[in-house]
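**Student:** Kindly return the folded structure for what I paste below:
(chains A and B)
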Amino acid sequence: GAVVSQHPSWVICKSGTSVKIECRSLDFQATTMFWYRQFPKQSLMLMATSNEGSKATYEQGVEKDKFLINHASLTLSTLTVTSAHPEDSSFYICSASGGGQLYEQYFGPGTRLTVT
Amino acid sequence: QQPVQSPQAVILREGEDAVINCSSSKALYSVHWYRQKHGEAPVFLMILLKGGEQKGHDKISASFNEKKQQSSLYLTASQLSYSGTYFCGTELKGSARQLTFGSGTQLTVLP
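**Tutor:** Predicted coordinates for the structure are as follows:
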């Protein structure tokens, strides 16, 4: 159990365009979803936390107008990178938590974004 | 604030043991351990919630010293499949499930 999917697994886009990444919890209801960014050989950096039906909470330094997060249901959250630039190229990973006392996070397989 | 992991990297042979440490300067509510293989998503290993708690499955176990704000991951009789980067994620008291991940420990198990 506890499977999280992400789509697409990789995407190449031109500078100035927008890209949407989907994160789905397949076999549980995710009350909270997290979006991370990871550069090569570096740690996971939390970008934002989203609870179903609420506005996302962004970490300091993350532009909310650039990284739009929607958590419309208990199984789906989306991250839209607007007006992408080459410096936005990265590995984006989502995780989902189903709640309860231990509320461990289960990670999706990640999306490799390359902006040309 | 990012927890400090040590060592940064370790190389061992099959069957050897390893310990990875994670320490925080702030009071912790829980510590989560994950393993990530190259190009893949992190895989959940375990959570430690209470001070002094120890958990484990198979030959991977962990301890959490709440007073020292430290956790250690123990890998015994390592297997080739244990290779990867291990991250600890720390949850601060009152932080509502948000995790801050350490810089990772790259573990390589050689035959």
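**Student:** Any residues of chain A in contact with chain B? List them.
**Tutor:** Within chain A, the positions adjacent to chain B are A:2, A:4, A:32, A:34, A:42-46, A:49, A:93, A:97, A:101-110 by C-beta under 8 Å from any C-beta of the partner chain. Heads up, the C-betas are built off the backbone N, CA and C, glycines and all.
**Student:** Just the buried ones from those?
**Tutor:** Burial by neighbour count, judged by 16 or more other C-beta atoms under 10 Å in any protein chain shown, picks out A:2, A:4, A:32, A:34, A:43-46, A:49, A:93, A:97, A:103-108, A:110 from these.
**Student:** Which of the residues of chain A next to chain B fall in strands?
**Tutor:** Those of the residues of chain A next to chain B mapping onto strands are A:4, A:32, A:34, A:44-46, A:49, A:93, A:97, A:105-107, per DSSP state E.
**Student:** Any chance of JSON lines for these, columns pLDDT?
**Tutor:** Listed next are these as JSON lines, based on pLDDT from 0 to 100:
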{"residue": "A:V4", "pLDDT": "93"}
{"residue": "A:T32", "pLDDT": "90"}
{"residue": "A:F34", "pLDDT": "94"}
{"residue": "A:L44", "pLDDT": "93"}
{"residue": "A:M45", "pLDDT": "94"}
{"residue": "A:L46", "pLDDT": "93"}
{"residue": "A:T49", "pLDDT": "92"}
{"residue": "A:I93", "pLDDT": "96"}
{"residue": "A:S97", "pLDDT": "89"}
{"residue": "A:Q105", "pLDDT": "88"}
{"residue": "A:Y106", "pLDDT": "90"}
{"residue": "A:F107", "pLDDT": "93"}
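**Student:** what about the strands in chain B?
**Tutor:** Using DSSP E, the strands of chain B run over residues B:4-6, B:9-13, B:18-23, B:28-36, B:43-48, B:54-57, B:60-65, B:70-75, B:84-92, B:100-101, B:105-110.
**Student:** With mean neighbour count, distance to A:S83 and mean pLDDT as new columns, can those be given to me in JSON lines?
**Tutor:** As requested, the strands of chain B are exported to JSON lines (neighbours: other C-beta atoms under 10 Å in any protein chain shown; distance: least, C-beta to C-beta, whole Å; pLDDT from 0 to 100):
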{"stretch": "strand B:4-6", "mean neighbour count": "16", "distance to A:S83": "35", "mean pLDDT": "96"}
{"stretch": "strand B:9-13", "mean neighbour count": "13", "distance to A:S83": "38", "mean pLDDT": "96"}
{"stretch": "strand B:18-23", "mean neighbour count": "20", "distance to A:S83": "37", "mean pLDDT": "97"}
{"stretch": "strand B:28-36", "mean neighbour count": "23", "distance to A:S83": "30", "mean pLDDT": "92"}
{"stretch": "strand B:43-48", "mean neighbour count": "19", "distance to A:S83": "34", "mean pLDDT": "89"}
{"stretch": "strand B:54-57", "mean neighbour count": "12", "distance to A:S83": "45", "mean pLDDT": "71"}
{"stretch": "strand B:60-65", "mean neighbour count": "20", "distance to A:S83": "43", "mean pLDDT": "91"}
{"stretch": "strand B:70-75", "mean neighbour count": "21", "distance to A:S83": "40", "mean pLDDT": "94"}
{"stretch": "strand B:84-92", "mean neighbour count": "23", "distance to A:S83": "31", "mean pLDDT": "94"}
{"stretch": "strand B:100-101", "mean neighbour count": "22", "distance to A:S83": "28", "mean pLDDT": "93"}
{"stretch": "strand B:105-110", "mean neighbour count": "18", "distance to A:S83": "35", "mean pLDDT": "97"}
